[in-house]
Each structure stands twice: as C-alpha cells, then as structure tokens.
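Give the three-dimensional model of this entry:
(one chain, ligands or ions: 1)
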Amino acid sequence: MKDYFGYKNKVCVVTGVSSGMGKSTAKMLVDLGAKVYGLDINECELDGLEDFIDCNLSHKKDIDKAFKIIPKSIDCFFGVAGLSGAKTDYKTTFNCNYTANMYITLKYLKRRMTAGGAIVYCTSTAGQEWKKYKKEQNKVVHANTWEEVQTLTKKLAESAPATFAYMYSKRCLSQFACEQAVNFAKKGIRINNVMPGSTDTGMKQEFQDMVGSEEGLIAQAGLAGRLAIPEEIAYPMVFLNSNMASFISGIDLAVDYTDTCLKELGLKKNLEAVSATNPIICAMAKKMLNKSAKKMKALNAGKEETEEKN
Ligand SMILES: NC(=O)c1ccc[n+]([C@@H]2O[C@H](COP(=O)([O-])OP(=O)(O)OC[C@H]3O[C@@H](n4cnc5c(N)ncnc54)[C@H](O)[C@@H]3O)[C@@H](O)[C@H]2O)c1
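Sure, this is the predicted structure:
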C-alpha cells in the first residue's frame, strides 16, 4: 500500500482537540501515523496523542507556554478551536478564534515550520463575506502583534454583541489565511481555509438557540437535509494539509453541501452579508439579542415552574 497522504511521523499540531472537528481531525492523524500535539482548554480523552497540552488560546501566555513544549520543527498546523460567542464575551471569543491563530502563525509557525509544511484554519461559512468587507478587517488583519489587535478591537469589544465577534473573527481569519498564503508560499509552506456549514458538535446547541430550532440549523446546511458530522469537516482539513493537496494553497473551501452555491445562485437569502463593525448595526443587534435572551430566560423560568407544579 502506498501512503498517499504522507503523514507518517509528521509533527502535527491541532487546536480544539477535545471535541468536535478538532477531535476527529486529531484521531484521523493518529490513525495515519502522525505525531500529534493537541491543544485545548478542556480535558482530552483521545488515545494516541504524542502530547496533550492544556492551553487557553484566548491567553497569549498560555500559547507561549504550549510552544515551549511542542517540538521545534513543525510539519502541519490545524487551527480548529473556536467559540460561538454565546457563552463568552467579545474579547475572549475574538482572541480564541482570530488572535490566537494570527499570533501562533506569525510568532511560531513562521520560524518553526518545515518547507513542504501546511497550515489549515477552520473558519466558518459565517465568515464567507470577508472579501466584501475587507475595509472593516484590513487594520486588524495587518496588525502583527497580540497587543495591537487588542487595541484595535477594544471599542468593538465594549459595544458589539459577542456573537458578532464570531462573524468578525472568522472574516479576519479568512482574509489572514489568504494574505499569509502568499507570504508563506516563499517558504514552501501552504495555507488554506476550511469554512464548515452547520455541524453536529459541542457547539450545536449554542447555534441552535441562536436560530431557534434544529430545523433552522439544518436549513443552514444546504441541501443535505441534516447537519454534517465532525468527521465530514475533518476529512477536508486532513486532505488539505496532506501531500495529496501539494499544489493547493490560498483557497477557501466551503464544506456546506451546496449552501454557498444556493446563495450564489440567488436561490437562498444571504444573511451573512451584513457589517460586523458598523456601530449602529452592532448597537441594534445587541439590543435585539438582549431582548430575546430575556424572553428565553422568562420562558425557561415558566417551564421550570410548571414542571415543579406537576
Ligand atoms: N459546529 C458548527 O456548526 C460550526 C460551523 C462552522 C464553523 N465551526 C467552527 O469549527 C471549529 C470547531 O468547533 P466545533 O464545531 O468542533 O465545536 P466544539 O465545541 O465541539 O469544539 C471546539 C473546541 O475548541 C475548544 N476551545 C474553545 N475555547 C478554547 C480556548 N479558549 N482555548 C483552547 N481551546 C478552546 C473547546 O474546548 C472544544 O474542544 C470552531 O472554530 C468553530 O467556530 C463550527
């Protein structure tokens, strides 16, 4: 048998390794013979990792500690960890989804990745409109340090809802991937971006609460009639960082069973085509989200009361 993927003994770093897509990716890489270093804030139950590193990616210090443990020479990086913003504040969400990937790439991967290596980031179809909103992202994407990003996003973090950090961070990361693919090409390193549609992972309930029902979520999964399973997002990520994709760099790969296609053909309304930083839109969204959160809270309290009576 020929090893077309070429992962045997390669040092692979995977973030978000404790659940969902990151866990599936790491499992597949272990099966393919890679030396996998997994990072996550939550405990990891996966067998076969070379090492699991407890790391809060929203904190620069934690990332620095992790990269002291990871081997000097890295072949592949999978930036999968993410937060929806439903349970975390703007800053935590943005830093985990965008700043951590930017910082790891510029501070560590730039120096420590081998020629022939590859990077894949997991963004989202929620970040798909990044080309249209480049003006909103340019300053953040062109910042080179963790601190600069904090300064540039400070106002937004105070005024916009945390769920807006999701869309904005995914747009920034998609643009970053495209720009860095050009820079890293000179080093013989490829960079690609996978944009998953709705997937049945640890994040499912949070997204479901945002759209109101499971049907609403399934409606965001193109014509599949179901959500993707984590493996269905891990397959393309593992492919893109493998030898099988040796001439692919700088692409956005939507993994959404025609959802993007439907929007492009005008067969589905594109709800993602909205500013992520406009102060009026952010304030309106914050008001609306607070109102619906209060409504949900009252509804749940009512439900609990009825259950207690029964
Ligand atoms: N599930 C979906 O529908 C969907 C759709 C599009 C994109 N995504 C993206 O897919 C990626 C993977 O998420 P998932 O769907 O597998 O969800 P998940 O919740 O199952 O997995 C996310 C992982 O990230 C880890 N994580 C969260 N915050 C962290 C932090 N600060 N430091 C370190 N680790 C942290 C979690 O512990 C978890 O193991 C995310 O980037 C997410 O935004 C998910």
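
quick one: the longest strand anywhere in the chain to chain centroid distance?
Under DSSP state E, the strand in the chain containing the largest number of residues is strand 113-122. Centre-to-centre, strand 113-122 and its host chain are 16 Å apart (Cα atoms, centre = their mean, to the nearest Å).

give the contact list for the closest residue to Ser242 other than its chain neighbours.
Nearest non-adjacent residue to Ser242, counting by Cβ to Cβ, 6 or more residues apart in numbering: Phe5, 4.1 Å away. C-beta: built from backbone N, CA, C; applies to glycine. Applying Cβ atoms under 8 Å, 6 or more residues apart in numbering to Phe5 gives the contacts Leu32, Val238, Phe239, Ser242, Asn243, Met244.

Just confirm Phe5 is within a strand.
No - using DSSP: H, G, I helix; E, B strand; the rest coil, the assignment for Phe5 is coil, not a strand.

Relative to the longest strand of the chain, what are the paired strands and their orientations?
strand 74-79 (parallel), strand 190-196 (parallel) (DSSP bridges).

ok, residues contacting stretch 264-282?
Against stretch 264-282 from outside (Cβ under 8 Å, 6+ apart): 125-126, 128-129, 132-133, 136, 156, 159-161, 164, 167-168, 171, 259, 262-263.

Quick check on the residues you listed: which are buried?
Buried residues within the contacts of stretch 264-282, counting neighbours by 16 or more other Cβ atoms under 10 Å: 125-126, 128-129, 133, 136, 156, 160-161, 164, 167-168, 171, 259, 262-263.

Filter those down to the ones in helices?
Glu136, Leu156, Phe164, Met167, Tyr168, Arg171, Asp259, Leu262, Lys263 (DSSP state H).

count of residues packed around Ile70?
Ile70: 19 surrounding residues under other Cβ atoms under 10 Å.

Now for it: which residues touch it?
By Cβ under 8 Å, 6+ apart, the contact set of Ile70 is Val11, Val13, Tyr37, Asp51, Ile53, Tyr108.

confidence score at it?
Ile70 carries a pLDDT value of 98.

for Lys287, same thing?
pLDDT recorded at Lys287 is 85.

and if you look at Met296?
Turning to Met296, the model gives it a pLDDT of 69.

what about the spatially closest residue to Ala81 that is not a sequence neighbour, neighbour count?
Nearest residue to Ala81, sequence neighbours excluded (Cβ to Cβ, 6+ apart): Gly16, at 3.1 Å. Using other Cβ under 10 Å, the number of residues around Gly16 comes to 27.

Could you do Phe78 as well?
Neighbourhood size, Phe78 [other Cβ under 10 Å]: 30.

go on, Ala245?
Residues near Ala245, counting by other Cβ under 10 Å, number 19.

again, but for Tyr4
Neighbourhood size, Tyr4 [other Cβ under 10 Å]: 9.

change the start of the numbering to 718 and stick with it
All right, first residue 718 from here; so that's Tyr721.

That one reaches Asn960, doesn't it?
Yes - if you go by Cβ atoms under 8 Å, Tyr721 and Asn960 touch, sitting 6.7 Å apart.

Could you give the number of residues near Ser963?
Other residues close to Ser963 by other Cβ under 10 Å number 11.

So which bits of the longest helix belonging to the chain are buried?
Assignment by DSSP H gives helix 996-1026 as the longest helix of the chain. Using 16+ other Cβ under 10 Å as the test for burial, helix 996-1026 gives Cys999, Ala1002, Lys1003, Leu1006.

Distance-wise, check whichever residue of the stretch 818-967 of the chain sits closest to the ligand relative to Ser1009.
In the stretch 818-967 of the chain, no residue comes nearer to the ligand than Gly919, which is 2.8 Å away by Cβ to the nearest ligand atom. Relative to Ser1009, Gly919 is positioned 22 Å away (Cβ to Cβ, to the nearest Å).

Kindly report the same for Gly765.
For Gly765, the distance to Ser1009 equals 43 Å [Cβ to Cβ].

Domain-wise, how is this protein divided?
By the assignment in automatic domain parsing, the chain contains the domains 728-992, 995-1027.
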